[in-house]
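Chemist: no sequence on hand, only this structure:
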């Protein structure tokens, strides 16, 4: 199918980032430069999209390789979800009232070269929401949210929307790193934030944030736009297609 | 082979969906039911969001009903006058149903209400058809009883005002009951993603006393227009019709319906009714088990739609 090759032949745009701190402290910190290249800042979903890898690679320089660590965080736009607990009433399972939970990432991945708890202090991880257990959800309900949060994380992990991979970043040689971040097949359109943290001896020495855009391509995008922007016309076209399909088949069977 | 559905926003296996469309299409052609009462739950089980499943299934039923009705029309098995009266009711019902759908969606209970509605309707109608089908099969074997069954009973449809002659059906009845049936079916079409044939067919047989052989064609005729309207209303109000999904289901369903109409012609009416009863009870039982059995996930997590 041509869609597949379309995805694969997307223009690969290499992005090089300059860092203010490397300029300011060029002499002292020249040893901890971090140059990152995103394989594909524009991911497009074709008609047979089923998972795509986002290749992130870059170079760093460090005085002591054994003390260098990299954490990559990819986060999609936040969304709100409603959670309803099923309760047994009159012999059947019914939904109870809902709890709205905000600030749920539509996609969240942590890739690192080893367990993030050993890379840096817990305070830092919490503050930057690194790691599934440090995600900060917001709820209108005060109590009993711990179980719900656990359930949300479990469900999203199963669906490949939340990923935590402590062996996901490979350090190649003494100054290169790479990670292929797995995007789910049902990924939402939008902008995804990629943050790369570079640690030396448990201290953050450099970080970079950039965006990756996921677009729906060709037919998919067109259909989506038409459905949202011209709903009446879209509905009529759907019906016309159905009429034509039905009559066509009826006509074919008459000819037979 | 996977394909991405733009409105449902999921990737699905093309072969599986095509097969589902085909299997349900065969039933649709055999029984004159749109097959929506099977297809909608199947789509939801497969991971299509319920509101997309309902709206898209309505769209698919349009296609399968058209190819079905042509086969019946050629055999002159459609009462257009009766169909149009049923349709007037259907249009009123569709608008009411869409409003109800939106209301239920907003209070977050639409899934439960749909399940309960399925269990209730399929349970009562399935058993009715099943019992009647059994009876007529037994009666066929007993000539004396078959004779007494032949006499047409007068129902309240024959005594209400606004009576009209339906030549094709050989009836002189009030238009109030067919319009009421149409309204009910229109509501079901918009909130459950069904054509409503499984309600309309028995209602036409038992309430209106229409001849069995023209009931299926006539109900398909009404379903075409009601589901067309429902598709447009859903597309307009909820933007939940996935044309890509509809086309896949249509391709499978339209082919299946042709095979089904052929099979339906070969089998005798009472056998058909008996089979339909068994099928409806089967779906009902499955829905009931889902409601009663301990759920796998105690929490239902859904995106908040803005």
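Modeler: Looks like it arrived, so ask away. Keep in mind it's a predicted model, so treat the numbers as computed, not measured.

Chemist: all strands of the stretch 51-200 of chain B, in order?
Modeler: If DSSP state E, counting those that start in this stretch is used as the criterion, the strands of the stretch 51-200 of chain B fall at B:163-166, B:171-174.

Chemist: burial of residue A:176, as a residue count?
Modeler: Number of residues near residue A:176 (other CB atoms under 10 Å in any protein chain shown) recorded here: 13. In this view, the C-beta of every residue, glycine as well, is placed from N, C-alpha and C.

Chemist: what do you get for residue B:238?
Modeler: Applying other CB under 10 Å, we find 18 residues neighbouring residue B:238.

Chemist: which one is it nearest to, not counting chain neighbours?
Modeler: Closest residue to residue B:238 apart from its sequence neighbours, by CB to CB, 6 or more residues apart in numbering or on different chains: residue B:51 at 5.8 Å.

Chemist: how much space separates residue A:57 from residue A:196?
Modeler: When distances are taken as CB to CB, to the nearest Å, residue A:57 and residue A:196 turn out to be 10 Å apart.

Chemist: again, but for residue B:57
Modeler: If you measure residue B:57 against residue A:196 using CB to CB, the figure is 45 Å.

Chemist: quick one: residues contacting the closest residue to chain A within the stretch 201-306 of chain B.
Modeler: Closest to chain A within the stretch 201-306 of chain B is residue B:235: 2.8 Å, counting by CB to the nearest CB. Residues touching residue B:235, when contacts are defined by CB atoms under 8 Å, 6 or more residues apart in numbering or on different chains, comprise A:227, A:231, A:232, A:234, A:235, A:238, B:55, B:241.

Chemist: now it. Nearest residue, chain neighbours left out?
Modeler: Sequence neighbours aside, residue A:235 is the residue nearest to residue B:235 in space, at 2.8 Å (criterion: CB to CB, 6+ apart).

Chemist: ok, back up a step: of the contacts of residue B:235, keep whichever come out buried.
Modeler: The neighbour-count test (16 or more other CB atoms under 10 Å in any protein chain shown) applied to these identifies A:227, A:231, A:234, A:235, A:238, B:55, B:241 as buried.

Chemist: show the average pLDDT along the helix or strand where the third one lies.
Modeler: Remark: residue A:234 resides in helix A:231-255, with elements defined by DSSP states H and E. Across helix A:231-255, pLDDT averages out at 87.

Chemist: same for that helix, what does it pack against?
Modeler: Under the contact definition 3 or more CB pairs under 8 Å, 6 or more residues apart in numbering or on different chains; DSSP states H and E, helix A:231-255 sits against helix A:218-229, helix B:50-74, helix B:212-238, helix B:243-266.

Chemist: now do the shortest one: distance to the chain's middle.
Modeler: Relative to the centre of its chain, helix A:218-229 is centred 22 Å away, using CA atoms, centre = their mean, to the nearest Å.

Chemist: for that helix, buried residues please.
Modeler: Buried-residue list, helix A:218-229, by 16+ other CB under 10 Å: A:218, A:220, A:223, A:224, A:226, A:227.

Chemist: does that helix reach chain B?
Modeler: Yes - judged by CB under 8 Å from any CB of the partner chain, helix A:218-229 and chain B are in contact via A:219, A:220, A:221, A:223, A:224, A:227, A:228.

Chemist: the second one contacts residue B:3, correct?
Modeler: No - because the distance of 9.6 Å does not satisfy CB atoms under 8 Å, residue A:220 is recorded as not touching residue B:3.

Chemist: what's the single longest helix in chain B?
Modeler: Secondary structure of chain B per DSSP state H: the longest helix is helix B:110-140.

Chemist: report the angle between that one and helix B:50-74.
Modeler: Regarding helix B:110-140 and helix B:50-74, their directions subtend 30 degrees when assessed with axes from the mean of the first three to the mean of the last three CA atoms, to 10 degrees.

Chemist: make JSON lines out of the buried ones among the contacts of residue B:235 and add distance to residue B:37.
Modeler: Formatted as JSON lines, those follow (distance: CB to CB, whole Å):
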{"residue": "A:227", "distance to residue B:37": "26"}
{"residue": "A:231", "distance to residue B:37": "26"}
{"residue": "A:234", "distance to residue B:37": "26"}
{"residue": "A:235", "distance to residue B:37": "23"}
{"residue": "A:238", "distance to residue B:37": "21"}
{"residue": "B:55", "distance to residue B:37": "15"}
{"residue": "B:241", "distance to residue B:37": "19"}
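
Chemist: deepest of the strands of the stretch 51-200 of chain B, which one?
Modeler: strand B:171-174 (a mean of 18; mean count of other CB atoms under 10 Å in any protein chain shown).

Chemist: so how far is it off the chain centroid?
Modeler: For strand B:171-174, the distance from its own C-alpha centre to the chain's C-alpha centre is 24 Å (CA atoms, centre = their mean).

Chemist: how is chain A partitioned into domains?
Modeler: By the assignment in automatic domain parsing, chain A contains the domains A:2-76+A:102-216, A:217-256.

Chemist: ok, back up a step: for the residue nearest to residue B:235, give me its contacts.
Modeler: If you count contacts by CB under 8 Å, 6+ apart, then residue A:235 has B:231, B:232, B:233, B:234, B:235, B:236, B:241 around it.

Chemist: one more time with 6 Å
Modeler: Applying CB atoms under 6 Å, 6 or more residues apart in numbering or on different chains, one finds that residue A:235 lies in contact with B:231, B:232, B:235, B:236.

Chemist: how close does it sit to residue B:231?
Modeler: The span separating residue A:235 from residue B:231 equals 6 Å under the rule CB to CB.
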